[in-house]
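Engineer: A structural model of the following input is requested.
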Amino acid sequence: MAINSGSRANARKWSRAIYSAYASIEGLLYCSAMHGNRPAVALYDRATSAMPVTPTFNRALIDPSMTTVLSNAAVELNYILI
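Structural biologist: Okay, the predicted model is just below:
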């Protein structure tokens, strides 16, 4: 619990140590301190096989079609969209 709610510098140190110790690990599943301890994923550069070659959806954040998507995400995360 202290890793995800404490110092980000300490969390990064842990992540680097895990990355070094486990050569086949592609990422970490952790509890997000910014999202009410919900599950979050941090992918390492080794996770290229987990990512699609071509995205199924690709829009710039400034694209007007993104307004509703971004507004809904901001409400869900309790963020202010500016």
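
Engineer: going forward, measure contacts and count neighbours with C-alpha atoms only.
Structural biologist: Will do.

Engineer: Return the distance of the lengthiest helix in the chain from the chain's centre.
Structural biologist: Counting residues, the longest helix in the chain under DSSP state H turns out to be helix 8-21. Relative to its chain's centre, helix 8-21 lies at 15 Å (CA atoms, centre = their mean, to the nearest Å).

Engineer: Show me what counts as buried in it.
Structural biologist: For helix 8-21, the neighbour count (16 or more other CA atoms under 10 Å) marks S15, Y19 as buried.

Engineer: That helix packs against which elements?
Structural biologist: Packed against helix 8-21 by the contact rule (3 or more CA pairs under 8 Å, 6 or more residues apart in numbering; DSSP states H and E) you find helix 2-5.

Engineer: mind running it again at 6 Å?
Structural biologist: If contacts are counted by 3 or more CA pairs under 6 Å, 6 or more residues apart in numbering; DSSP states H and E, helix 8-21 sits against no helix or strand.
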